[in-house]
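**Q** coordinates for the following, if possible.
(chains A and B)
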Amino acid sequence: MSRILASYNIKGGVGKTSTVVNLAYLAARQGARTLLWDLDPQGASTFLLRIKPKVRGGGGKLVAGRTEIGDLIRGADLEGLDLLPADFSYRRMELALDATKKPQRRLGRLLAPLAEEYDYIFLDCPPGVSLVSESVFAAADSLLVPLIPAALSMRTFPQLERVAAGGPQVLAFFSMVDGRKRMHREVMEAMGREHTDLLATVIPAASEIERMGLHRSPVAEFAPRGRAALAYQALWHEVQERCDGRPPGGRRR
Amino acid sequence: MTQYLLPEGLGLDAALDRLAGRWALGVGPVEVIERTFYDTFDGRLHRAGLALIGAGGRLVAARGPGYHEVAAAPVIPGERLFAPELPDGSLRRLLEPIVEIRALGPIICTRGQVRGLRVLNRDAKTVVRLVLETASSGEEVVLRSRLRVIGVRGYDRALARVERALAEDLGFAPSPVALHDDALRAAGRAPGGVSTKLAVKLAADDPARAGAAVVLVALLRTIELTLPGTVADIDSEFLHDLRVAVRRTRSIQRQLAGVFPAGRLARFRSEFRWLGQVTGPTRDLDVLLLDFARLRAELADDRAAELAPLGDLLGARRELERRRMVAALAGERTGSLLAGWSSFLTLAQAPDGGGADGAPLGAVVGQRIRALYRQMRRAGVTIDEGTPAERLHDLRKQGKELRYLLEIFAGLYPAEAVAPTVKTLKALQETLGQFQDREVQATTLRSLGDDLAQAAGGPAALLALGVVLERVEADSRAARVEFDERFAAYAAPSQRALVRRAFR
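**A** Here you go, the predicted model:
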């Protein structure tokens, strides 16, 4: 049974794609059979893995179950890492979901045939609260939630906790952190007091992460000893520790 | 995943140049790779189209000559590995139903260099993986260098293009022979393990003595093949196969006694009986231990834990019996028996080998099949609920003799007669075997009571023993009930007429 980890935040531009691409890469590199589904119509994960953002038949057919999901999967450069690419038609995924019975359960259903094939399935989710995110909450075992230490995060994180309540385990961590900024330090301290279960790992605002777009690969590929690569490694380690003892698919069974 | 042999005389560097001239490549470093290949003695993985490869601290099951990985576990096996000892996961799930109770052991080692290459598209995305490889076998025989082509999911057209170009333009020849099979052949061994199945060609009009000798030579070969594994205690199937070959030998000695010179055969008959006897107790305990593992798996966890002292005791008793058996098998008596029997059979195949060899094989064996069938039918009709267990055991022994004749000499008679006769006999024998195994087990288990009471955790284990005995006895009762139905099918008038008509 695969463990489904969704990179999600209500807010955009917080580092969801960098997180999911790097963690999926690390999972595959340690020998786990790993799939990344790029649900964001912008297709940033798909671009980073050098794969064409194209799904035959479009997102509508896929959501309706009229396309064999396995046929759409593409192998990434790293053996053991596969991608279900983004498609521009995903921008209408909410409508496609709405046209199905029990739309909240739809993504989980689509992924069910892959449960024995993969140890981990990562979802790169578009921002916002919608039927797509509701369906992600129903499918995922855990949400990976990058938080920028800024006032807006302090406001949106409680909202996120409310909408995901009773759903997947929430694994939130600070992302794009600039230790030199006083405001970052203060927000992290304040949020840490309020939310004691935040992950300890902090992802820095490092130039390597920005350069992922130039190299079109995870940071561990082109800067394996850099701050960012080490931080993602620590994050992956901590995520696995937090998942330990929680059987995957517990809520879906 | 396809595998190609490098064109004759082309080294790794030259091969790389040739490939780089054709495609944009991502080139990995040269790595040294040592692999150990594993299989069962009888080559079950080979038959299933799998290779089991130990390299770099991982044990990988791979399919086809290109070694397409299908399951893996972080395991470095020793000289002997049983599938249930693997960590829970895909590799264990894959291997358990294939290798069953057989042990996996190393069959050959290879050592060489590999270089991973990636064929890239315009986005510098990997669309096909290539692995260039040179290797030599453990015996330092250099094997032909090869190139493995591995598809990337979703890039089937790129794969087809690469494969076409390799074969048509670049001079690489596709090869269905896997590296380890090549290495085995280079070491003078046949890939696919050792079969203990009897494969002899016989004709109904062969002289009876020569035909019988051919079968006995093949059985002797099986005994010789399985003896080292039995002595080394690799897995319980060695002893099982050895005992089947001994029983078949004895059966032919008995049933076709008339075709050999009586005086010279007598010594071997008594010596093979001895060989059957010295291997019996260990086999009985093997069967009990195999059933015990199944039984323990069926019990609730706490009850299963209480059975531990019983398991230990059975294991200890089996070890004691095994040592006795090994002393006998490794001793001079066994050596001289097998050497003497081999000479006897060589002589028996000569035209003037003595005995009544005039009659054709088909007629002699057919007469014995009809006689055994008749004897069993007559003995079976008198069996009812009150019949002592020994009579059922005797019937089973006769059944074994009949089954061996039917199986070994099947080719001499019409298949449409052999198949139903074997089928009804097999069903009957299963019931009788179930009954006898359970009787033997109940006796063995009861005999352990005193020792068990003395052991740590004894009282709880004794209670658990009660549960086990109850199950064994219930199985035995069920087998007895089943007997009537199966015997009726075996002795049906149509079956009787068929045997009388066909085995002539």
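
**Q** next helix or strand past the strand ranked longest in chain A?
**A** If you go by DSSP state E, chain A has its longest strand at strand A:169-177. Following strand A:169-177 in sequence order, the next helix or strand is helix A:182-194 (DSSP states H and E).

**Q** leaving out chain neighbours, which residue sits closest to B:Arg438?
**A** Closest residue to B:Arg438 apart from its sequence neighbours, by Cβ to Cβ, 6 or more residues apart in numbering or on different chains: B:Ser476 at 3.7 Å. To be clear about C-beta, it is placed using only N, CA and C from the backbone, and glycine gets the same treatment.

**Q** what's around the residue in the stretch 301-450 of chain B positioned nearest to chain A, how many residues?
**A** Residue of the stretch 301-450 of chain B nearest chain A, by Cβ to the nearest Cβ: B:Asp301 (18.9 Å). Counted with other Cβ atoms under 10 Å in any protein chain shown, the neighbours of B:Asp301 add up to 8.

**Q** next, give phi and psi for it.
**A** Main-chain torsions, B:Asp301, degrees, to the nearest 10: phi -50, psi -50.

**Q** repeat that for A:Leu84.
**A** According to degrees, to the nearest 10, A:Leu84 has phi -100, psi 110.

**Q** across the sheet, point out what pairs with it.
**A** A:Trp37 (DSSP bridges).

**Q** close to chain B: what parts of chain A are there?
**A** Counting by Cβ under 8 Å from any Cβ of the partner chain, chain A comes close to chain B at A:31, A:49-51, A:72-77, A:79, A:82, A:216.

**Q** which of those residues sits closest to B:Asp205?
**A** The closest of these to B:Asp205 turns out to be A:Glu79 (Cβ to Cβ; 61.3 Å).

**Q** CA-only coordinates of stretch A:26-34 in CSV, if you can.
**A** Output in CSV follows, covering the C-alpha atoms of stretch A:26-34 (Å, rounded to 0.1, in the frame of the first residue of the first chain):
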residue,chain,number,x,y,z
LEU,A,26,15.2,11.5,-2.1
ALA,A,27,12.6,8.8,-1.6
ALA,A,28,13.4,7.2,-4.9
ARG,A,29,17.1,7.4,-4.3
GLN,A,30,16.8,5.4,-1.1
GLY,A,31,15.1,2.6,-3.2
ALA,A,32,11.4,3.4,-2.7
ARG,A,33,9.2,3.1,-5.7
THR,A,34,8.0,6.6,-6.0
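
**Q** who touches that stretch?
**A** With contacts defined as Cβ atoms under 8 Å, 6 or more residues apart in numbering or on different chains, stretch A:26-34 is touched by A:24, A:76, A:78-82, A:117-122, A:218, A:220, A:232-233, A:236, B:72, B:74.

**Q** interface residues of chain B facing chain A?
**A** So chain B meets chain A at B:72, B:74, B:118, B:123-126, B:129, B:152-155 (Cβ under 8 Å from any Cβ).

**Q** now the residues you listed as TSV including neighbour count, secondary structure and pLDDT?
**A** Formatted as TSV, those follow (neighbours: other Cβ atoms under 10 Å in any protein chain shown; DSSP: H, G, I helix; E, B strand; the rest coil; pLDDT from 0 to 100):
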residue	neighbour count	secondary structure	pLDDT
B:Ala72	17	strand	90
B:Pro74	12	coil	90
B:Arg118	20	strand	96
B:Asp123	13	coil	92
B:Ala124	13	coil	94
B:Lys125	22	coil	96
B:Thr126	22	strand	97
B:Arg129	22	strand	95
B:Val152	21	coil	96
B:Arg153	13	coil	96
B:Gly154	21	coil	96
B:Tyr155	20	coil	97
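
**Q** touching, B:Val32 and B:Glu133? I think so.
**A** No - counting by Cβ atoms under 8 Å, B:Val32 does not reach B:Glu133; the two are 11.2 Å apart.

**Q** quick one, which of those two is more surrounded?
**A** B:Glu133 (21 against 8).

**Q** need the phi and psi values for the nearest residue in space to the more buried one that is not next to it in sequence.
**A** Spatially, and ignoring its direct neighbours in sequence, B:Glu133 is nearest to B:Val114 (4.7 Å; Cβ to Cβ, 6+ apart). Main-chain torsions, B:Val114, degrees, to the nearest 10: phi -130, psi 150.

**Q** thought B:Val114 was touching B:Val131?
**A** Yes - using Cβ under 8 Å, B:Val114 makes contact with B:Val131 at a distance of 5.6 Å.

**Q** would you give the sheet partners of the helix or strand where B:Leu132 lies, along with the direction of each?
**A** Per DSSP H and E, B:Leu132 falls inside strand B:126-137. Counting by DSSP bridges, the strands paired with strand B:126-137 are strand B:105-120 (antiparallel), strand B:142-151 (antiparallel).

**Q** in contact with the closest residue to B:Ile150 other than its chain neighbours, which residues?
**A** Closest residue in space to B:Ile150, ignoring its immediate chain neighbours: B:Arg129 at 4.1 Å, by Cβ to Cβ, 6+ apart. Residues near B:Arg129 by Cβ under 8 Å, 6+ apart: A:79, B:116-119, B:149-152.

**Q** ok, A:Phe157 next?
**A** By Cβ under 8 Å, 6+ apart, the contact set of A:Phe157 is A:145, A:147, A:172, A:191, A:195.

**Q** ChimeraX command for the buried members of the residues you listed?
**A** Typed into ChimeraX, the line below selects the buried ones among the contacts of A:Phe157, using 16 or more other Cβ atoms under 10 Å in any protein chain shown:
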select /A:145,147,172,191
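
**Q** can you pick out the most distant pair from the contacts of A:Phe157?
**A** Going by Cβ to Cβ, the pair spanning these furthest: A:Val145 and A:Met191, at 11.8 Å.

**Q** element containing the residue nearest to B:Arg438, please.
**A** Using DSSP H and E, B:Ser476 falls within helix B:458-490.

**Q** who are the packing partners of the longest strand of chain A?
**A** Counting contacts by 3 or more Cβ pairs under 8 Å, 6 or more residues apart in numbering or on different chains; DSSP states H and E, strand A:169-177 packs against strand A:142-147, helix A:151-163, helix A:182-194, strand A:202-204, helix A:227-243.

**Q** what's the closest of these to B:Thr226?
**A** helix A:227-243 (47.5 Å).

**Q** check which helices and strands the closest one sits against.
**A** Looks like helix A:227-243 contacts helix A:16-29, strand A:142-147, strand A:169-177, strand A:202-204, helix A:207-215, helix A:219-222 (3+ Cβ pairs under 8 Å, 6+ apart).

**Q** list the contacts of the host helix or strand of B:Gly54.
**A** Assigned by DSSP H and E, B:Gly54 belongs to strand B:50-55. The contact list for strand B:50-55 (Cβ under 8 Å, 6+ apart) reads B:33-39, B:45, B:59-63, B:67, B:70, B:75-77, B:94-95, B:98, B:104, B:106, B:178, B:180.

**Q** among those residues, which are in helices?
**A** B:45, B:94-95, B:98, B:180 (DSSP state H).

**Q** and the two most separated of these?
**A** Among the ones in helices among the contacts of strand B:50-55, B:Leu94 and B:His180 lie farthest apart (Cβ to Cβ), at 17.9 Å.

**Q** the two: which has the busier surroundings?
**A** In this view B:Leu94 and B:His180 are compared by other Cβ under 10 Å, and B:His180 has more residues nearby, 27 against 21.

**Q** ok, that one to B:Arg47 distance?
**A** To B:Arg47, B:His180 is 14 Å away according to Cβ to Cβ, to the nearest Å.
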